[in-house]
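> Next input, structure requested:
(one chain, ligands or ions: 1)
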Amino acid sequence: MHETMVAKNLLDSISAEAAKQKARPIAALISCGTFNAVNDEVLLFAFDAIAKGTVCYGMKLRIEHKSIQGKCSGCGKKFDFDLTRSGCTHCSCDKFDLLPDPPLLLEEIEFEEDDE
Ligand SMILES: [Zn+2]
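Residues are numbered from 1 along each chain as shown. This next block holds a predicted model:
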C-alpha cells in the first residue's frame with residue numbers, strides 16, 4: 001500500500017533527524033501535492049502503527065495539501081490551478097502548462113524542549 005511506504009519513509013527521516021538532534025520529536029508538518037495526494041487518515045494510521053516502540057511514537061503529523069500550479073503562456077506568470085476556472089488567474093488566458101505536482105515533503109519537525 002502506498003501510504004505504508006510513505007509512512008515508513010517519513011518515520012526513517014524523522015528518526016534520523018531525532019538521532020542527530022538527540023531529542024524526541026513531538027510533531028511534524030508534511031506537505032504534498034493534489035494528484036499524488038495520500039489519504040491523510042490512512043497515512044496517519046499507518047504511521048502510528050509502524051512508529052510503535054520507536055522514538056516517534058505518539059507524535060502528531062499535520063498534512064498540508066498544496067494546489068497544483070500552472071504557468072501561463074500568455075503572461076508567463078505562475079498561478080494556483082483551479083478546476084473551476086481552468087485558466088490563468090492573472091490574465092484569464094486559457095493557454096498554460098501545468099507544472100509537476102509537488103512531491104510529498106517533510107517540511108519541519110518539532111522536538112520536545114529539553115528543560116534540564
Ligand atoms: Zn496569464
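
> wait, what's in contact with Gly32?
That one is not Gly; residue 32 is Cys. If you count contacts by Cβ atoms under 8 Å, 6 or more residues apart in numbering, Cys32 has them with 38, 63-66, 102-105. The way it works is simple: take the backbone N, C-alpha and C, and place the C-beta from them, glycine included.

> Now do it against Leu99, distance only.
Look at Cys32 and Leu99: by Cβ to Cβ, to the nearest Å, they are 15 Å apart.

> so where do the strands sit in the chain?
Under the criterion DSSP state E, strands of the chain are mapped to 25-32, 60-65, 69-72, 78-80, 96-98, 105-111.

> Reformat those into TSV and put distance to the ion next to each item.
Output for the strands of the chain, formatted as TSV (distance: least, Cβ to the ion, whole Å):
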stretch	distance to the ion
strand 25-32	25
strand 60-65	24
strand 69-72	3
strand 78-80	7
strand 96-98	7
strand 105-111	27
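
> Present the ones you listed as a markdown table; the columns should include mean pLDDT.
Formatted as a markdown table, these follow (pLDDT from 0 to 100):
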| stretch | mean pLDDT |
| --- | --- |
| strand 25-32 | 95 |
| strand 60-65 | 93 |
| strand 69-72 | 93 |
| strand 78-80 | 92 |
| strand 96-98 | 92 |
| strand 105-111 | 96 |
